[in-house]
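Visitor: Structure of the sequence below:
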Amino acid sequence: MVAPAIAQPVGPNNAVIEQVLASRLGTGYTVAAPKFTDGVLTGCGVEFASLIKDFTYKAGNFVRVDGSFNLMTANNSIGILLKIVVNDLDPQSYKIIPNAPVTAFFVSGNATSRPFLIKQDRETDTPGAIIAIYDAKTFPMLVQSIREGTVTIAFARRKGGADMQVPIDLSVEDTNKEGAKVRSDKSATSFMKCASDLIDAERDRLNKSK
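Guide: A predicted model of the protein is given here:
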């Protein structure tokens, strides 16, 4: 897969770099994958990458937003894990600068996943990352978004600051070297099939333990 192009500083060609980056705005790729623990299915996730311009906090500078959302089972329960990784691109050198947000939400219509938040953590192994864990009540919201083809995430850069919304287009499988989007329904279809299998397996396990 080709992640959103990140240019290196080349002085006089900054205008060209800006043009290339502008042509790659939006979702760069999405990929779904199951998660296993000791050979047992314990999660279903989608990884994503997007390139945006931040007019809320950074005067329109380019920002790379990566991350994933996962349906997970643990301790006889099901939850949703959302990871958002924010990297600013310095407007002069185009150097990548990790800048972890302070919040991470899903957005669906006029609602967010905020009421279902269990905890958030910026202490991760990934520079610029925040991880938020939500209870299973978030799942219907996530499923609705997946069926519509776009999962919208949101984050704030400072406490009490405005939430920036980033739509993740699940139909974008990849981006080629020319900047064209390669589209398919793989991410949405694979995630939904995995989620169905995971929920069925968890239901069976709980029934057997009664």
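Visitor: tell me the pLDDT at Gln165?
Guide: Gln165 carries a pLDDT value of 98.
Visitor: check contacts around the nearest residue to it once chain neighbours are set aside.
Guide: Using Cβ to Cβ, 6 or more residues apart in numbering and skipping residues adjacent in sequence, the residue nearest Gln165 is Ala154, 4.8 Å away. Backbone N, C-alpha and C define where each C-beta goes, glycine included. Shown in contact with Ala154 (Cβ atoms under 8 Å, 6 or more residues apart in numbering): 103-107, 112, 163-166.
Visitor: Mind doing that once more with 7 Å?
Guide: 105, 107, 112, 163-165 (Cβ atoms under 7 Å, 6 or more residues apart in numbering).
Visitor: Pretty sure it sits in a strand.
Guide: Yes. Assessed with DSSP: H, G, I helix; E, B strand; the rest coil, Ala154 lies in a strand.
Visitor: Could you measure from it over to Thr73?
Guide: 25 Å (Cβ to Cβ, to the nearest Å).
Visitor: re earlier: got the confidence number for the residue nearest to Gln165?
Guide: 98.
Visitor: partner residues bridging it?
Guide: Note on Ala154: beta-bridge partners by DSSP bridges are Phe105, Gln165.
Visitor: which helices and strands sit right next to the longest helix along the chain?
Guide: For the chain, the helix with the greatest residue count under DSSP state H is helix 186-209. Taking 3 or more Cβ pairs under 7 Å, 6 or more residues apart in numbering; DSSP states H and E as contact, the helices and strands that helix 186-209 lies on are strand 26-37, strand 40-54, strand 61-74, helix 139-148.
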